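Visitor: heads up, no residue letters with this:
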């Protein structure tokens, strides 16, 4: 009898324990279903938001979007739902940005062409001064050189004249590119000003002034060298004429007086 009672108590205890576990399990299942329903609802909302965002992007120009992640806590579980934010850009702002890009490219083109032209003008001025030095040396030695020495120095002078011609042609080629860069910068500065990008317009105009001042400075140096070369050539012609006249006079002095008298 005692054993039967013990068995009955054990059975009732196990039954009660099993019923408690069953209720806990049902509650956990209900929580899980509620969590799943919330997650599904959030996903549906996210899909609707994404579709509306795509529709808005099709109506506007595309913009580099930033992706953010918002975390939701549902019944001790986390759900990350990504979504996209698109800035509301107008046509005016896009044109302003494009004009800034144009001015940046124009400034780069201007800086490169200015550097090339300045270097070409510098080399041209150096070649001119070298030629001036050679011709002055020849002028001071007129009548003092042997035919072989005179021929040698003339070969050097002719070679330097070819160098000057090549440097001048290089200056003209780079100057053509530089003038194109000047025109492009002026147009880009005007476009930036009209679009409202005053800072880009101001920066481009400043770069234009600096480039023009630098090129004008080198042009002045080259023109002064050309002027000195012309003066040297004139001096050379005068000195050669004097030397030729002195040779004629000496030749006349060597002729007997009887040959000089008129009959």
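Guide: Perfect, thanks for sending it. Quantities reported herein were computed from a predicted structural model and do not represent experimental measurements. Numbers count the residues shown, from 1 in each chain.
Visitor: Low-confidence ranges, the stretch 1-150 of the chain, go.
Guide: Counting by pLDDT under 70, the stretch 1-150 of the chain contains low-confidence ranges at 1-88.
Visitor: Which secondary structure element is home to residue 227?
Guide: Per DSSP states H and E: residue 227 is located in helix 198-254.
Visitor: what packs against that helix?
Guide: Judged by 3 or more C-beta pairs under 8 Å, 6 or more residues apart in numbering; DSSP states H and E, the packing partners of helix 198-254 are helix 91-140, helix 147-195. To be clear about C-beta, it is placed using only N, CA and C from the backbone, and glycine gets the same treatment.
Visitor: what mean pLDDT does that helix have?
Guide: Taken as a whole, helix 198-254 carries a mean pLDDT of 86.
Visitor: got the angle for that helix vs helix 91-140?
Guide: Interaxial angle, helix 198-254 versus helix 91-140 (axes from the mean of the first three to the mean of the last three C-alpha atoms, to 10 degrees): 10 degrees.
Visitor: and the residue lying closest to residue 214 once chain neighbours are set aside, what is it in contact with?
Guide: Excluding its sequence neighbours, the residue lying closest to residue 214 (C-beta to C-beta, 6 or more residues apart in numbering) is residue 118, at 5.9 Å. Neighbour list for residue 118: 214, 215, 218 [criterion: C-beta atoms under 8 Å, 6 or more residues apart in numbering].
Visitor: Could you list which residues are in contact with the residue nearest to residue 167 when sequence neighbours are not counted?
Guide: Closest residue in space to residue 167, ignoring its immediate chain neighbours: residue 124 at 4.0 Å, by C-beta to C-beta, 6+ apart. When contacts are counted by C-beta under 8 Å, 6+ apart, residue 124 touches 164, 167, 168, 170, 171, 222.
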